[in-house]
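> Prediction below, plus the sequence it came from.
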Amino acid sequence: MDLNRAPRETLLRVPGLGLQSVKKMLAARRVRKLRLADLTALYVPAGKILPFVVLPDHRAEARAASRLVAPVAAAPAQQALPFA
(Lines give C-alpha, C1' and ligand atoms only; values in the text may rest on other atoms or scores of the structure.)
Protein backbone atom coordinates (compact mmCIF):
# COMPACT_ATOMS: atom_id res chain seq x y z
CA MET A 1 0.00 0.00 0.00
CA ASP A 2 1.32 3.43 -0.92
CA LEU A 3 1.70 5.39 2.31
CA ASN A 4 1.36 8.71 0.49
CA ARG A 5 -1.96 7.86 -1.17
CA ALA A 6 -3.82 5.58 1.20
CA PRO A 7 -6.89 6.99 2.95
CA ARG A 8 -7.08 7.28 6.73
CA GLU A 9 -9.24 4.17 7.15
CA THR A 10 -6.75 2.03 5.25
CA LEU A 11 -3.79 3.38 7.22
CA LEU A 12 -5.50 2.47 10.48
CA ARG A 13 -5.58 -1.18 9.35
CA VAL A 14 -1.77 -1.38 9.04
CA PRO A 15 -0.28 -3.30 11.99
CA GLY A 16 1.69 -0.90 14.16
CA LEU A 17 -0.18 2.27 13.20
CA GLY A 18 -2.52 3.86 15.69
CA LEU A 19 -4.67 6.96 15.74
CA GLN A 20 -1.87 9.34 16.72
CA SER A 21 0.61 7.97 14.17
CA VAL A 22 -1.92 8.20 11.35
CA LYS A 23 -2.89 11.73 12.41
CA LYS A 24 0.76 12.86 12.31
CA MET A 25 1.37 11.18 8.96
CA LEU A 26 -1.70 12.75 7.36
CA ALA A 27 -0.65 16.21 8.57
CA ALA A 28 2.89 15.74 7.24
CA ARG A 29 1.55 14.36 3.96
CA ARG A 30 -0.20 17.68 3.28
CA VAL A 31 3.20 19.42 3.20
CA ARG A 32 5.19 16.89 1.14
CA LYS A 33 5.52 13.22 0.23
CA LEU A 34 6.55 11.04 3.13
CA ARG A 35 9.90 9.24 2.96
CA LEU A 36 11.52 6.68 5.20
CA ALA A 37 13.39 9.33 7.22
CA ASP A 38 10.11 11.18 7.84
CA LEU A 39 8.67 8.15 9.63
CA THR A 40 11.53 8.26 12.11
CA ALA A 41 11.11 12.00 12.62
CA LEU A 42 7.39 11.50 13.31
CA TYR A 43 8.13 8.69 15.81
CA VAL A 44 6.15 6.20 13.73
CA PRO A 45 7.15 2.55 14.38
CA ALA A 46 8.83 2.08 11.00
CA GLY A 47 10.10 -1.40 11.79
CA LYS A 48 6.56 -2.68 12.25
CA ILE A 49 4.95 -1.06 9.23
CA LEU A 50 7.67 -1.33 6.55
CA PRO A 51 6.71 -4.85 5.41
CA PHE A 52 3.23 -3.55 4.57
CA VAL A 53 3.84 -0.15 2.96
CA VAL A 54 5.48 1.45 -0.06
CA LEU A 55 7.36 4.76 0.05
CA PRO A 56 9.33 6.61 -2.64
CA ASP A 57 12.56 5.29 -1.12
CA HIS A 58 11.28 1.93 0.17
CA ARG A 59 9.50 -1.00 -1.45
CA ALA A 60 8.03 -3.76 0.68
CA GLU A 61 9.66 -7.02 -0.30
CA ALA A 62 7.47 -9.94 -1.23
CA ARG A 63 9.72 -12.13 0.91
CA ALA A 64 8.98 -10.03 4.00
CA ALA A 65 5.23 -10.41 3.60
CA SER A 66 5.52 -14.12 2.89
CA ARG A 67 7.69 -14.52 5.98
CA LEU A 68 4.77 -13.23 8.07
CA VAL A 69 2.19 -15.43 6.36
CA ALA A 70 4.27 -18.62 6.04
CA PRO A 71 3.89 -19.86 9.65
CA VAL A 72 0.10 -19.61 9.41
CA ALA A 73 -0.06 -21.28 6.01
CA ALA A 74 2.34 -24.05 7.06
CA ALA A 75 0.15 -25.23 9.93
CA PRO A 76 -1.37 -28.61 9.05
CA ALA A 77 -5.06 -28.63 8.32
CA GLN A 78 -7.15 -30.51 10.85
CA GLN A 79 -10.36 -32.36 10.25
CA ALA A 80 -13.23 -31.00 12.30
CA LEU A 81 -14.75 -33.59 14.61
CA PRO A 82 -18.46 -34.26 14.16
CA PHE A 83 -20.77 -33.42 17.01
CA ALA A 84 -21.56 -36.42 19.16
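Structure's in. What do you need? Residues are numbered from 1 along each chain as shown.
> what about the residue lying closest to Val54 once chain neighbours are set aside, neighbour count?
Here the nearest residue to Val54 in space, its sequence neighbours aside, is Asp2; by C-beta to C-beta, 6 or more residues apart in numbering that works out to 5.0 Å. For every residue, glycine as well, the C-beta is placed using N, CA and C. The tally of other residues near Asp2 (other C-beta atoms under 10 Å) stands at 12.
> do the same with Leu26
14.
> mind checking which helix or strand it is in?
According to DSSP states H and E, Leu26 maps onto helix 19-31.
> buried sites along that helix?
Buried residues in helix 19-31, defined by neighbour count with 16 or more other C-beta atoms under 10 Å: Ser21, Val22, Lys24, Met25, Ala28, Arg29.
> What of stretch 35-43?
Buried positions in stretch 35-43, judged by neighbour count with 16+ other C-beta under 10 Å: Asp38, Leu39, Leu42.
> now swap in stretch 46-55 and tell me
Ala46, Ile49, Leu50, Pro51, Phe52, Val53, Leu55.
> ok, back up a step: how about the buried residues of stretch 35-43 in JSON lines, adding secondary structure and pLDDT?
Converted to JSON lines, these look like this (DSSP: H, G, I helix; E, B strand; the rest coil; pLDDT from 0 to 100):
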{"residue": "Asp38", "secondary structure": "helix", "pLDDT": "93"}
{"residue": "Leu39", "secondary structure": "helix", "pLDDT": "91"}
{"residue": "Leu42", "secondary structure": "coil", "pLDDT": "92"}
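> quick one: which of the residues you listed is nearest to Phe83?
Of all these, the one with the least separation from Phe83 (C-beta to C-beta) is Leu39, at 50.2 Å.
> where's the closest one relative to Pro15, distance?
Distance from Leu39 to Pro15, counting by C-beta to C-beta, to the nearest Å: 14 Å.
> Let me know the average pLDDT across the helix holding Leu26.
Averaged across helix 19-31, the pLDDT comes to 95.
> how far does it sit from the chain's center?
Distance of helix 19-31 from the chain centroid (C-alpha atoms, centre = their mean, to the nearest Å) equals 15 Å.
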